[in-house]
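K.L.:
Build me a model from this:
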Amino acid sequence: MPQLRLVAVPAFRRWQGLAFEWRVALSRMLLLAAVLLGAVLRLWALNRLGYNSDEAVYAGQGASIAADATLKDIFPIFRAHPLLFQFLLAITFRFFGVNDLLGRLLSVAFGLLTIVLVFYLGQQLYGRKVGLLAAFLLAAMPYHVIVTRQVLLDGPMVLFATLTLYLLARFGTTQHPFWLYAVGAGMGLTFLTKETGLVLMGAIYA
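P.N.:
As a prediction, this is how the structure comes out:
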């Protein structure tokens, strides 16, 4: 009987390890499915319509920062601020040229990254199933889809705000000061994207 128990314990542990690896692999596949769903909804006929007024302002600022010869005299750099998103636009414009589609693709990228971050935030707080459910909900959420199909500040602000909340959750779990410092950096990125992100400071303080 003792010999049988010694044989059964390693076999059970191997089964546990395989089951855990399978669950991790399944979670990754489902997260990828959520991101693909989000990508389809955000990329479908992305550039069928031209820029609206706010998109033109932010993209024009990015072009001015990139010193585009055609647009730098039309759009003042400091017409809308802060300038983090516009600066990132300027970098892409500098390397790939100024065009409407490129600005919207950058916004889509912010939206897809937010889906991934929402998964990790949900997993950190409530478990893997909640993280996956949150990722799918955000991937198909009409307002988030619409905003992250346009050159607007709200999509990037939500990404950095979600990052800040994730870092705050890590600090709450570990109580390690590093994560609290990281929260400050995330909050700074949120504010540098759009001033209204400052309201998150109240939640962090609480």
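
K.L.:
Tell me which helix or strand comes right after the lowest-mean-pLDDT helix or strand in the chain.
P.N.:
Here the helix or strand of the chain ranked lowest by mean pLDDT, DSSP states H and E is helix 2-43, holding a mean of 78. From helix 2-43 onward toward the C-terminus, using DSSP states H and E, the following helix or strand is helix 53-65.

K.L.:
for that next one, packing partners?
P.N.:
Here helix 53-65 touches helix 84-96, helix 100-126, going by 3 or more CB pairs under 8 Å, 6 or more residues apart in numbering; DSSP states H and E. C-betas here are computed from N, CA, C, even on glycine.

K.L.:
What angle do helix 53-65 and the longest one make with each other?
P.N.:
Taking axes from the mean of the first three to the mean of the last three CA atoms, to 10 degrees, one finds helix 100-126 and helix 53-65 inclined to each other by 110 degrees.

K.L.:
Which neighbouring elements make contact with helix 100-126?
P.N.:
Counting contacts by 3+ CB pairs under 8 Å, 6+ apart, helix 100-126 packs against helix 2-43, helix 53-65, helix 84-96, helix 128-140, helix 142-147, helix 154-174.

K.L.:
Reformat those as a markdown table; add distance to residue 196 and mean neighbour count.
P.N.:
Formatted as a markdown table, the helices and strands packed on helix 100-126 follow (distance: least, CB to CB, whole Å; neighbours: other CB atoms under 10 Å):
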| stretch | distance to residue 196 | mean neighbour count |
| --- | --- | --- |
| helix 2-43 | 22 | 12 |
| helix 53-65 | 14 | 21 |
| helix 84-96 | 13 | 19 |
| helix 128-140 | 19 | 19 |
| helix 142-147 | 13 | 15 |
| helix 154-174 | 7 | 21 |
